[in-house]
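Participant: A predicted structure for the sequence below; I have some questions about it.
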Amino acid sequence: MEITKREVIASIAIVALMLTIGFPISEKIRQGLLEDYQVYDTAVRMDDKELFEYGMETDIGSAFVYGELKALDPVSYLEVSGEYSYIKKEQQEYRNHPKKVEKEYTDSKGKKHKKIVEEDHWTWDTMRTESKKATRISFLDIEFAYEKIPFPSSHQIKIVNTGYHKRNVYYGTDTEFQGTIFTSLKENTINDTNFYVNKTILQTIESLETGIELVIFWIIYIFVIVGVVFVFYYFENKWLNKN
């Protein structure tokens with residue numbers, strides 16, 4: 001397929017227009033990141049229980065706090081050993097979902113043909129889900145409601161066969177973690193809290209100030225530009241072939 005001078009000029013114009021739109025968006029993202037970084041850099045940093053309590057009592061604001069996160073009333077199921085801050089049970093059945101697929105075969109004369117056949121497709125389907133979670137937790141030995149600090153994601157802990165093509169799959173989250181919270185200390189509690197497991201305060205700040213959001217934007221935006229140019233070429237050639 002020959003690319004004409006007109007198409008090259010049009011492509012350059014499209015790219016220029018898209019970049020004209022993209023740079024202001026990128027600048028807004030950059031400014032937003034700089035504002036966030038300023039908050040991180042000026043936030044109070046602590047790993048002491050008394051200072052943590054004082055910060056909540058005096059509405060100190062944004063803070064990075066390093067300590068141990070614990071579930072005070074852990075949960076479990078009888079079929080599972082150990083205790084967890086959160087546990088989920090999925091009741092699953094192994095079911096067949098036949099699929100129609102196109103297959104190619106060769107007849108006795110060596111001629112190739114295609115036909116639609118039905119194939120078995122077995123999957124474990126979740127029929128019912130139930131879960132339990134702790135209600136009380138502590139951070140730096142200060143008690144909070146479970147919802148105040150998001151625990152890390154759960155992981156699969158056990159599979160129990162319960163009958164023919166039936167099983168229970170259990171997922172759980174451990175009861176204790178070391179790490180850093182970024183939170184707002186006010187009204188004698190923590191607010192809008194994020195927990196960074198196994199990270200010191202410095203490691204947490206470094207992970208938050210990578211600028212990866214800007215990199216991701218430009219990667220996606222470049223794909224968008226390429227897509228727009230491709231669509232232009234497609235409809236341009238389609239129009240030329242009709243005429």
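Facilitator: Yes, it's here.
Participant: so T173 versus Y84, what's the distance?
Facilitator: Separation of T173 from Y84 (CB to CB, to the nearest Å): 6 Å. No exception for glycine: its C-beta is placed from N, CA and C like everyone else's.
Participant: okay, and the common contacts of the two?
Facilitator: S154 (CB atoms under 8 Å, 6 or more residues apart in numbering).
Participant: pLDDT below threshold where in the chain?
Facilitator: Within the chain, the ranges that satisfy pLDDT under 70 run 1-4, 236-243.
Participant: that older thread, the more surrounded of T173 and Y84?
Facilitator: Y84 (24 against 21; other CB atoms under 10 Å).
Participant: give me the beta-bridge partners of the more buried one?
Facilitator: Assessed by DSSP bridges, Y84 has beta-bridge partners V75.
Participant: same check on the one 5 residues further on?
Facilitator: The partner list for K89 in beta bridges (DSSP bridges) reads E130, Y170.
Participant: all helices for the chain, in order.
Facilitator: Taking DSSP state H as the criterion, the chain carries its helices at 5-42, 49-57, 201-208, 212-242.
Participant: how far away from the center of its chain is the last one?
Facilitator: Once both centres are worked out by CA atoms, centre = their mean, to the nearest Å, helix 212-242 turns out to sit 26 Å from its chain's centre.
Participant: neighbours of L208, just the number please.
Facilitator: 18.
Participant: once you drop chain neighbours, what's closest to the most centrally placed residue in the chain?
Facilitator: Centroid-nearest residue in the chain: S153, 10.4 Å away (criterion: CA atoms, centre = their mean). Once flanking residues are discounted, S153 sits nearest to T173: 7.1 Å by CB to CB, 6 or more residues apart in numbering.
Participant: what are the neighbouring residues in contact with that neighbour?
Facilitator: Listed by CB under 8 Å, 6+ apart, the contact set of T173 reads 84-87, 151-155.
Participant: quick one: it and I25, what's the gap?
Facilitator: To I25, T173 is 37 Å away according to CB to CB.
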